[in-house]
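>>> Pasting a predicted model and its sequence here:
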Amino acid sequence: MFNKGSELLDLCNKENKKISDIVIEKEMKLSNSSLEEVIGIMKETFKVMEKSATEALNKEVRSVSGLTGGNAKKVEEYRNSRKTLSGVFINSAMSKALSTSEVNASMGKVCAAPTAGASGILPSAILSAKEKLESDDDTTIRGLFVAAGIGEIVAKNATVSGAEGGCQAECGVAAAMAAAGIVEMAGGTPQMSLDAAGFALINIMGLVCDPIAGLVEYPCSLRNASGVVNALISADMAMAEVESLVPFDEVVEALYKVGKALPESLRETALGGIAATPTGKELSRRLFS
Ligand code: SF4
């Protein structure tokens, strides 16, 4: 059992196991389930992720409020039809993240990992890595277990709620979970997975939660697109053997302290940041009048 990143690493090192092995074993024990059952549930979860990440790529999926929708399709068409600045791979990852975000805003089915607002990041990162690395199903599902382990550590020691810790706790943690997962998929060590997760959190530390009209749509969807890129580059830095100066657990602690220091206006109240711009306020007024 583990509660901290350091404990997870110790278990991996002592037992010469991957992070996914430890997380799977823990899940089997806690849920009193067999390996097949635990893997089966994660496979079902992955199916939901796959569907949401591709659903809005070829058709416009709009939210009830009309604030968001159609951007996944735009980015997908853009990456297919023109020379892009950040390349086909990154644009494809962004379109998948936007897709899930738009499905969520339209009240469709998503897997909240760690939250519905940040639900676009993990599916896109895992699917993108699967395609790029040509990973088999077992490796892909294991990536999700690694992500789950990281999410659990942050939830236990800090927060995954935008209302408590800002968007760093939602899109940041989603990127951290994804980065750690795809590092294992790429053959990285447990330490590299934790470093990648730490990088992803450090990269966005302080990110506020400021949804227009209090709806989980804008800027949320944009942050899902940037969140998956954060996950991919954090994983690449770790795979390049860039080491984190600050251990993962200390980064998580810092994230929590920063979240607590954020004023209430920047913690999902729609009273600050983008929500409080003249345009944000006008959109909110129109929606609620
Ligand atoms: S801005 Fe707030 S509501 Fe939107 S994804 Fe981030 S934490 Fe969630």
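Yes, it's here. Everything numeric in this text was worked out from a predicted model, so none of it was measured.

>>> Give the phi and psi angles for residue 96, as a check.
Here is the backbone geometry of residue 96 (degrees, to the nearest 10): phi -70, psi -40.

>>> For it, the count of nearby residues, please.
Residue 96 sits with 33 neighbouring residues when counted by other Cβ atoms under 10 Å. For the C-beta atoms, the positions are set from N, CA and C on the backbone; glycine is no exception.

>>> what does residue 39 give?
Residue 39 has 19 neighbours, counted by other Cβ under 10 Å.

>>> Name the nearest residue to the residue of the stretch 151-289 of the chain found nearest the ligand, sequence neighbours excluded.
The minimum distance from the stretch 151-289 of the chain to the ligand, using Cβ to the nearest ligand atom, falls at residue 162 (2.6 Å). Computed as Cβ to Cβ, 6 or more residues apart in numbering, the closest residue to residue 162 that is not its neighbour in sequence is residue 209, at 3.6 Å.

>>> pLDDT below threshold where in this structure?
Scanning the chain for pLDDT under 70 picks out no residues.

>>> ok, the residue nearest to the spatial centre of it to residue 261 distance?
With distances taken as Cα atoms, centre = their mean, residue 174 lies nearest the centre of the chain, 2.3 Å away. Using Cβ to Cβ, to the nearest Å, one obtains 21 Å as the distance from residue 174 to residue 261.

>>> what about the closest residue to the ligand within the stretch 1-150 of the chain, which SS state?
Evaluated by Cβ to the nearest ligand atom, the stretch 1-150 of the chain has residue 117 as its residue closest to the ligand, separated by 2.8 Å. The three-state assignment at residue 117 reads coil, by DSSP: H, G, I helix; E, B strand; the rest coil.

>>> That one: what's it in contact with?
Contact partners of residue 117, counting by Cβ atoms under 8 Å, 6 or more residues apart in numbering, are 104, 162, 167, 170-171, 211, 216, 220.

>>> wait, does stretch 56-75 contact the ligand?
No - Stretch 56-75 does not reach the ligand (Cβ under 6 Å from any ligand atom); its nearest approach is 10.9 Å.

>>> thinking in terms of the whole chain, how far from its middle is that stretch?
Relative to the centre of its chain, stretch 56-75 is centred 20 Å away, using Cα atoms, centre = their mean, to the nearest Å.

>>> Contacts for that stretch, please.
55, 76, 91, 94-96, 98-103, 105-108, 212-213, 215, 217-218, 221, 225, 283, 287.

>>> From these, list the buried ones, please.
Neighbour counting by 16 or more other Cβ atoms under 10 Å classes 55, 76, 91, 94-96, 98-103, 105-106, 108, 212-213, 215, 217-218, 221, 225, 283 among the contacts of stretch 56-75 as buried.

>>> Which members of those occur in helices, if any?
The helices, defined by DSSP state H, take in 55, 76, 91, 94-96, 98-103, 105, 221, 225, 283 from the buried ones among the contacts of stretch 56-75.

>>> ranges for the helices of this structure?
Counting by DSSP H, one finds helices in the chain at the ranges 5-15, 19-31, 35-55, 71-81, 87-105, 121-133, 137-157, 162-165, 171-185, 190-204, 220-239, 248-261, 278-288.

>>> looking at these, which is buried most?
Greatest average neighbour count among these goes to helix 171-185 (a mean of 33), per mean count of other Cβ atoms under 10 Å.

>>> Just the C-alphas of that one, formatted as CSV.
Extracted C-alpha coordinates of helix 171-185, given in CSV (Å, rounded to 0.1, in the frame of the first residue of the first chain):
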residue,chain,number,x,y,z
CYS,A,171,-6.0,20.2,-15.5
GLY,A,172,-2.6,20.2,-13.8
VAL,A,173,-3.3,16.9,-12.0
ALA,A,174,-4.8,15.4,-15.2
ALA,A,175,-1.6,16.3,-17.0
ALA,A,176,0.5,14.8,-14.2
MET,A,177,-1.5,11.6,-14.2
ALA,A,178,-1.2,11.4,-18.0
ALA,A,179,2.6,12.2,-18.1
ALA,A,180,3.4,9.5,-15.6
GLY,A,181,1.2,6.9,-17.4
ILE,A,182,2.8,7.6,-20.8
VAL,A,183,6.3,7.4,-19.4
GLU,A,184,5.7,3.8,-18.3
MET,A,185,4.1,3.1,-21.7
